[in-house]
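K.L.:
From the sequence below, what's the structure:
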Amino acid sequence: MTTKLHDLIYRLEEGGGKLVLRYVAGCLALLLFLFCYNWFCFHNMETQEAMDSAQLARNIAEGKGFTTLFIRPSSLRLLQGRAARNPALPTPWERADPARLAGMHPDIANPPFYPMVLAGLMRVLPFRYPVDLTHRFWSSPGIHPPGDSEEWATSRRFRRYQPDFIISAFNQALFLALAALTFFIARRLFNVRTAMLSTGLLLGTDLLWRFAVAGLSTILLMLIFNAVVWCLMLLEGEAARSEAGVQLSKQSSLNTGQAGNSQPLGLSVFVWAAVAGGLVGLGALTRYSFGWLILPLLLFIVLFTGRQRLTLSLAAATAFSVTLGPWIIRNWLVSGMPFGTATYTILEASALFPGDSLSRWLKPDLAVPGVVFVRLAWSKLLANGGQIVQSDLPSLGGTWVGGFFIIGLLVPLAERQTRRLGCFLAISVVLLAIVQALGQTQRSMDSPMINSENLLVLVVPGVWIYGAGFFYRLLEEFHWSVPSVWSAVVACFAGLTCLPLILGLLAARRSPVAFPPYFPPSLQEAARFVKTDELMMSDIPWAAAWYGQVQCIWLTQTKGEFLAVNDRLKPIRALYLSHASGGGAYQSLAEWLQAGREGWGAFMLGCVLNKQQGKPGPPADFPLEYWQKGWPAHFLLTSREKPLTEPGLK
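P.N.:
Residues are numbered from 1 along each chain as shown. Next up, the predicted model:
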């Protein structure tokens with residue numbers, strides 16, 4: 001017994017058990033970190049894209065197809081234009097309702113892959129959409145917007161929204177899978193110590209944890225990008241071995257005087273090229289702008305795969321087209337545009353269409369001459385590109401390790417594959433910076449870092465890998481003989497890089513409620529004034545669609561367009577405006593005055609003055625006659641005096 005005990009202790013201290021203990025300790029530390037981070041740093045959804053994807057996923061999970069409750073006026077414009085141009089093409093119900101508002105509205109703004117992934121998650125896990133005010137983790141007393149406490153007595157305990165938390169936990173699981181794939185890529189390109197450091201830096205990046213909590217598709221897209229890099233490594237390795245075999249055969253033929261046999265590339269090389277192209281197509285089905293990465297992918301194949309470069313490029317391009325093509329055809333058949341409303345992204349937030357005006361106008365003038373379009377794109381590229389070059393590129397991932405990455409690419413590396421993958425990464429960074437500059441809209445202004453238009457964050461795993469590799473090369477130049485000094489320097493480097501995350505955990509605990517402007521209890525209460533087949537209008541329609549489960553159209557530019565939708569397309573039963581929304585009605589006083597009598601600022605000011613004088617809030621000729629008072633933090637007009645008895649939430 002004593003001998004067995006000594007053997008066990010020896011294995012735990014010096015043998016293989018030492019490695020097992022380290023793995024177990026690491027897993028326990030990671031679980032403890034996940035618990036602390038979600039308890040102290042979790043935040044409910046606060047971006048338009050996250051809520052839009054979530055409500056799309058719920059519609060798919062409920063068998064309603066790729067339809068949306070978030071109605072964009074630009075979507076109505078495209079659908080009506082298609083019906084007008086092709087009177088014989090639409091089906092009978094489309095001829096009667098060209099705007100597609102009578103039933104479920106088809107979504108023509110988002111690619112489908114991420115909502116479909118979330119839909120599968122919703123079919124497996126128990127999502128509870130009504131706010132939970134009874135359990136400790138989801139609710140807590142004292143969390144509510146300021147205002148009339150009596151009318152908020154039942155909702156002020158709200159703290160966390162359960163579906164938001166599940167989607168966040170799912171993205172955190174994807175983040176852990178991303179870290180594992182990053183480790184294997186770094187180990188193949190460099191060595192184990194570089195892989196361990198780069199993976200640790202990745203897990204210690206505060207920006208990436210914020211993306212995981214936000215509910216965006218960014219983490220999934222980073223996983224796809226890393227998978228593309230892995231395929232390129234395997235493709236380059238197979239092509240290099242084949243080229244080496246050809247050179248050996250030629251050398252042998254010169255020595256023997258006999259003609260050498262040309263060894264064709266194996267089938268696996270074409271498979272990896274096709275898989276890489278298909279993954280880029282899958283990324284484009286997650287975010288359209290990701291599709292531009294097919295250019296550096298094809299360039300990599302042409303430069304580094306030898307004799308059969310054209311055939312391999314064709315395989316990759318074919319897989320990309322087969323993956324993305326059917327969805328483009330679907331968009332064209334539904335809206336007449338290959339990418340739906342996203343086709344006009346370059347025009348958004350430009351000098352011609354500032355802010356989110358293009359998405360909110362029913363009938364904007366889109367007949368932009370080619371010269372004007374080029375000038376708008378060039379001006380937008382210069383304006384946004386300056387910010388990217390000055391701040392985003394030097395601080396890739398939110399820390400200063402991006403500088404190590406940029407310098408490390410300039411240092412010659414002995415490993416051929418590492419050099420070639422570095423070229424692919426550098427070209428991707430330049431291309432994504434250009435696409436990000438041209439594709440920035442009002443969403444980037446509302447949430448400067450955490451948004452779906454932040455494309456440079458996709459290369460952060462590669463930045464950490466090459467940055468860690470260059471850091472170790474610098475350490476080797478000092479020739480430290482004391483291992484403890486080496487370990488201390490590495491620990492200081494990792495600690496400084498992860499400092500934003502550490503400080504975030506040590507800082508004062510913040511509320512998980514994304515208010516202002518999003519407060520799920522108020523949105524669900526407002527949704528009770530609208531039936532499931534009726535229409536609502538709001539300046540935060542994505543939140544009304546996700547939390548309230550009602551069909552909600554984006555606030556139009558003017559009150560006249562509101563009346564046009566109400567009279568000609570579908571009656572609007574409620575108008576919900578948030579006080580703190582980044583866009584919509586509540587802008588600066590100068591914008592209110594500039595909008596004139598048709599603007600929402602003048603309308604709301606008139607409603608408030610009428611109410612203070614004891615008159616009904618809205619004007620007598622306005623379709624919504626009831627002012628729902630007593631709810632702070634939002635402005636609500638309805639066509640019903642009292643809410644419906646059942647909110648319709650599941």
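K.L.:
From here on, just use CA atoms for contacts and neighbour counts.
P.N.:
Fine.
K.L.:
which residue sits closest to residue 230, ignoring its sequence neighbours?
P.N.:
Nearest residue to residue 230, sequence neighbours excluded (Cα to Cα, 6 or more residues apart in numbering): residue 185, at 6.6 Å.
K.L.:
burial measure for that neighbour, as a count.
P.N.:
Using other Cα atoms under 10 Å, residue 185 has 21 neighbouring residues.
K.L.:
Same question for residue 533.
P.N.:
The number of residues near residue 533, taken as other Cα under 10 Å, comes to 11.
K.L.:
Equivalent analysis for residue 86, please.
P.N.:
10.
K.L.:
pLDDT value on it, please?
P.N.:
At residue 86, the predicted lDDT confidence score is 75.
K.L.:
Distance check, it against residue 335.
P.N.:
Separation of residue 86 from residue 335 (Cα to Cα, to the nearest Å): 11 Å.
K.L.:
ok, now residue 404?
P.N.:
As judged by Cα to Cα, residue 404 and residue 335 stand 46 Å apart.
K.L.:
Repeat that for residue 422.
P.N.:
40 Å.
K.L.:
again, but for residue 219
P.N.:
Applying Cα to Cα to residue 219 and residue 335 gives a distance of 29 Å.
K.L.:
if we can go back for a sec, residue 422 and residue 335: who's more crowded?
P.N.:
The neighbour comparison of residue 422 against residue 335 (other Cα under 10 Å) goes to residue 335, with 24 against 21.
K.L.:
Just the buried positions in stretch 378-395, please.
P.N.:
The neighbour-count check on stretch 378-395 (16 or more other Cα atoms under 10 Å) flags 380, 381, 384, 385, 388, 392, 393, 394 as buried.
K.L.:
Please apply the same query to stretch 357-369.
P.N.:
Across stretch 357-369, burial judged by 16+ other Cα under 10 Å covers 357, 358, 359, 360, 361, 362.
K.L.:
List the contacts of the host helix or strand of the third one.
P.N.:
Under DSSP states H and E, the secondary-structure element containing residue 359 is helix 357-360. Defining contact as Cα atoms under 8 Å, 6 or more residues apart in numbering, one finds that helix 357-360 is touched by 72, 73, 74, 347, 348, 349, 364, 554, 555, 556, 557.
K.L.:
What residues does the fifth one make contact with?
P.N.:
Read it as residue 348. 354, 355, 356, 357, 358, 440, 441, 442.
K.L.:
list the contacts for the second one?
P.N.:
Taking Cα under 8 Å, 6+ apart as the criterion, residue 355 is in contact with 348, 349, 441, 442, 583.
K.L.:
Take the residues you listed and keep only those in helices.
P.N.:
The helices, defined by DSSP state H, take in residue 442 from the contacts of residue 355.
K.L.:
and for stretch 557-571, what are the contacting residues?
P.N.:
Contacts for stretch 557-571 (Cα under 8 Å, 6+ apart): 99, 101-102, 357, 360-362, 534-535, 555-556, 572, 584, 595, 598-600, 603.
K.L.:
List only those of these flagged as buried.
P.N.:
99, 101-102, 357, 360-362, 534-535, 555-556, 572, 584, 599-600, 603.
K.L.:
Now, these that are in strands?
P.N.:
535, 572 (DSSP state E).
K.L.:
pLDDT weak spots in the stretch 501-650 of the chain?
P.N.:
Along the stretch 501-650 of the chain, the model assigns pLDDT under 70 to residues 508-510, 579-598, 611-616, 629-633, 645-650.
K.L.:
In it, what residue spans correspond to strands?
P.N.:
Secondary structure of the stretch 501-650 of the chain (DSSP state E, counting those that start in this stretch): strands at 535-538, 551-554, 572-578, 626-627, 634-638.
K.L.:
So residue 328 sits against residue 338, correct?
P.N.:
Yes. In this structure, residue 328 is within contact of residue 338 by Cα atoms under 8 Å, at 5.0 Å.
K.L.:
Make TSV out of the contacts of residue 355 and add distance to residue 61.
P.N.:
Below are the contacts of residue 355 laid out as TSV (distance: Cα to Cα, whole Å):
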residue	distance to residue 61
348	31
349	33
441	30
442	30
583	30
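K.L.:
chain center to stretch 38-48: distance?
P.N.:
Mean-position distance between stretch 38-48 and its chain equals 14 Å (Cα atoms, centre = their mean, to the nearest Å).
K.L.:
What's the end-to-end length of that stretch?
P.N.:
End-to-end for stretch 38-48, by Cα to Cα: 21 Å.
K.L.:
per-residue confidence averaged over it?
P.N.:
90.
K.L.:
Please identify the buried residues of it?
P.N.:
So stretch 38-48, judged by 16+ other Cα under 10 Å, has buried residues 40, 41, 42, 43, 44, 45, 46, 47, 48.
K.L.:
thinking again about what came up before, residue 211: which of the buried residues of stretch 357-369 is nearest?
P.N.:
Among the buried residues of stretch 357-369, residue 359 lies closest to residue 211 (Cα to Cα), at 25.0 Å.
K.L.:
Relative to residue 207, which of the buried residues of stretch 357-369 is nearest.
P.N.:
Distances from residue 207 to the buried residues of stretch 357-369, taken by Cα to Cα, are shortest for residue 359, at 28.8 Å.
K.L.:
tell me the contacts of residue 399?
P.N.:
Applying Cα under 8 Å, 6+ apart to residue 399 gives the contacts residue 497.
K.L.:
now residue 99
P.N.:
Contact analysis of residue 99 by Cα under 8 Å, 6+ apart lists 76, 77, 79, 80, 569.
K.L.:
quick one: which of these is most hemmed in?
P.N.:
Neighbour max across those (other Cα under 10 Å) = residue 76, 24 neighbours.
K.L.:
Who are the packing partners of the helix or strand containing that one?
P.N.:
Using DSSP H and E, residue 76 maps to helix 73-85. Helix 73-85 is packed against helix 309-335, helix 357-360, with contacts defined by 3 or more Cα pairs under 8 Å, 6 or more residues apart in numbering; DSSP states H and E.
K.L.:
next one: the shortest one to chain centre, how far?
P.N.:
Which is helix 357-360. Per Cα atoms, centre = their mean, the centroid offset for helix 357-360 relative to its chain is 21 Å.
K.L.:
Helix, strand or coil: sort out residue 128 for me.
P.N.:
coil (DSSP: H, G, I helix; E, B strand; the rest coil).
K.L.:
Going by neighbour count, list what's buried in the strand or helix carrying residue 273.
P.N.:
Per DSSP H and E, residue 273 falls inside helix 267-284. For helix 267-284, burial by neighbour count (16+ other Cα under 10 Å) applies to 269-284.
K.L.:
For the helix or strand following it, enumerate the helices and strands it packs against.
P.N.:
Reading on from helix 267-284 to the C-terminus, the next helix or strand found by DSSP H and E is helix 294-304. Under the contact criterion of 3+ Cα pairs under 8 Å, 6+ apart, helix 294-304 touches helix 267-284, helix 309-335, helix 416-439.
K.L.:
Can you tell me which of those is packed in deepest?
P.N.:
Comparing the helices and strands packed on helix 294-304 by mean neighbour count (mean count of other Cα atoms under 10 Å), helix 267-284 comes out on top with a mean of 23.
K.L.:
Now find how far off-centre that helix is within its chain.
P.N.:
22 Å.
K.L.:
just stretch 218-227 next, same as before
P.N.:
11 Å.
K.L.:
which other residues reach it?
P.N.:
Contacts of stretch 218-227 (Cα under 8 Å, 6+ apart): 114, 171, 174-175, 177-178, 181-182, 208, 211-212, 276, 279-280, 282-283, 286-287, 452, 458-459, 461.
K.L.:
Equivalent analysis for stretch 36-48, please.
P.N.:
51, 160-161, 164-165, 213-215, 443, 447, 450-451, 504-505, 509-514, 518, 542-543.
K.L.:
For the residue nearest to residue 627 when sequence neighbours are not counted, give me its contacts.
P.N.:
Distances taken as Cα to Cα, 6+ apart place residue 637 nearest to residue 627, at 4.9 Å, with adjacent residues excluded. For residue 637, the contact set (Cα under 8 Å, 6+ apart) comprises 574, 575, 576, 618, 624, 625, 626, 627, 628.
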